[in-house]
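> how would this look folded up:
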Amino acid sequence: MIASDAGNSAVGLQTNEPAEPGHPKPALAVAGEAGVHAESSVSAWWSQSLALTGRQLLVFVRDVPTLLQSLIVPALSMLMFKVVLGDAIGRATGQDSAYGTVPLVILVGAMFGSIASATRLNRERSTGLLARLYVLPINRGADLTSRVASDLVRVLVTTLLLLAAGHLIGFRFTQGVGPAIGLVAVALAYGAAFGIMTLALAVNAAPGAPIVPYLGLFSSLLMFFNSGFSPLSAYPEWLQPIVANQPMTPAIDLMRAFAVGGPIAENLLKVGIWTVALLALSIYPALRGYRKAATAR
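Just a heads-up that it's a prediction; the model follows:
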């Protein structure tokens, strides 16, 4: 009876019948006439995504360990790479190692930040938060969109901070403003593709699944086998084709070219292929897995 009455009330609120004398129309009906958007509309998706993005950023800022891992640890890692490997790489390549180290650490920061976000999403699923969000009168895609958007904001802020820190170890933009913007765009594209992939894994994995160890291992392999960590010629000959074509290497080489000059077309094509491939393979599983995770009982 309660559900039936609630359903009848909801239907009644959507009518445009005039109110009886002495009985004003319900507030929700007035709000609807004032231009409140239907939850499935693009306007609702946009406004609600912005509000939920603010929530995600607030959660991120309040999570001090994750905040330090995303901002401070990459900067310290960059300094460590410069101190330990800087001279050796510089002698091998004839170029300041900062032009490989800074892009490398920017991408590593994007990856490990996305892993933290995916872990939080998986945890929120187990606590029932996704289910509560799903039954609210909000656009179905708003929460997932907000998670991707907040990840992009995090990647942008981290990239700018690491570029500032990289200035201290010799990193410079020598090609102008346009290529500098291109470098940041590469970081955002890489972060978006990797972030959506980790979100897809998080919503399709069982609650409490060991996401961090597996994704951490995968990210570590990428981190140590790329042209930013060591020149391509330093790897075994049989391994060089793999290192040259894994996702991080063309992104690092393209970011290096935007900063100090060098070939762009081939690496830009590879970055585009990897980005499109990861997005194509991840978007549908992320949407389907999110719906399944939110409606699971």
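> List the contacts of stretch 258-273.
Applying Cβ atoms under 8 Å, 6 or more residues apart in numbering, the contact partners of stretch 258-273 are 95, 99, 102-103, 171-175, 179-180, 182-183, 186, 189-190, 245, 250-251, 253-254, 256-257. Any C-beta I mention is one placed from the backbone N, CA and C, and that applies to glycine too.
> among those residues, which are in helices?
Among the contacts of stretch 258-273, the ones falling in helices (DSSP state H) are 99, 102-103, 179-180, 182-183, 186, 189-190, 245, 250-251, 253-254, 256-257.
> just the buried members of the contacts of stretch 258-273?
Neighbour counting with 16 or more other Cβ atoms under 10 Å marks 99, 102-103, 171, 175, 179, 182-183, 186, 189-190, 250-251, 253-254, 256-257 as buried within the contacts of stretch 258-273.
> Residue 98 contacts residue 168, correct?
No. Using Cβ atoms under 8 Å, residue 98 is not in contact with residue 168, being 9.3 Å away.
> Which one's more surrounded, these two?
More crowded of residue 98 and residue 168, by other Cβ atoms under 10 Å: residue 98, with 24 against 12.
> from memory residue 205 sits against residue 211, does it?
Yes. With contacts counted by Cβ under 8 Å, residue 205 reaches residue 211, the gap being 6.0 Å.
> all helices of the stretch 101-250 of the chain, in order?
129-135, 142-168, 177-204, 211-224, 240-245, 248-260 (DSSP state H, counting those that start in this stretch).
> Point out the most buried one among these.
helix 248-260 (a mean of 25; mean count of other Cβ atoms under 10 Å).
> now that one against helix 177-204, angle please.
Angle between the axes of helix 248-260 and helix 177-204 is 160 degrees (criterion: axes from the mean of the first three to the mean of the last three Cα atoms, to 10 degrees).
> and helix 248-260, what's its mean pLDDT?
Mean pLDDT, helix 248-260: 95.
> Likewise for stretch 80-100?
71.
> swap in stretch 216-224?
Rounded mean pLDDT across stretch 216-224 is 87.
> CA atoms only: put that stretch into PDB for me.
Below are the C-alpha coordinates for stretch 216-224, written out as PDB (Å, rounded to 0.1, in the frame of the first residue of the first chain):
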ATOM      1  CA  GLY A 216      50.500  -2.300  -9.100                       C
ATOM      2  CA  LEU A 217      52.500  -5.100 -10.700                       C
ATOM      3  CA  PHE A 218      51.300  -4.300 -14.200                       C
ATOM      4  CA  SER A 219      52.100  -0.600 -13.600                       C
ATOM      5  CA  SER A 220      55.500  -1.400 -12.200                       C
ATOM      6  CA  LEU A 221      56.400  -3.500 -15.300                       C
ATOM      7  CA  LEU A 222      55.400  -0.600 -17.500                       C
ATOM      8  CA  MET A 223      57.400   1.800 -15.300                       C
ATOM      9  CA  PHE A 224      60.700  -0.100 -15.600                       C
END
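> which outside residues touch it?
104, 108, 111, 112, 115, 229, 246, 247, 248.
> What residues does the fourth one make contact with?
The one in question is residue 112. Shown in contact with residue 112 (Cβ under 8 Å, 6+ apart): 69, 70, 73, 74, 216, 219.
> possible to save those as a markdown table with distance to residue 196?
Compiled in a markdown table, these are given as follows (distance: Cβ to Cβ, whole Å):
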| residue | distance to residue 196 |
| --- | --- |
| 69 | 20 |
| 70 | 18 |
| 73 | 23 |
| 74 | 21 |
| 216 | 18 |
| 219 | 15 |
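> For residue 165, see how far away residue 259 is.
Here residue 259 is placed at a distance of 14 Å from residue 165 (Cβ to Cβ, to the nearest Å).
> now residue 274
26 Å.
> Then residue 229?
18 Å.
> Repeat that for residue 218.
Taking Cβ to Cβ as the measure, residue 218 falls 26 Å from residue 165.
> just residue 270 next, same as before
27 Å.
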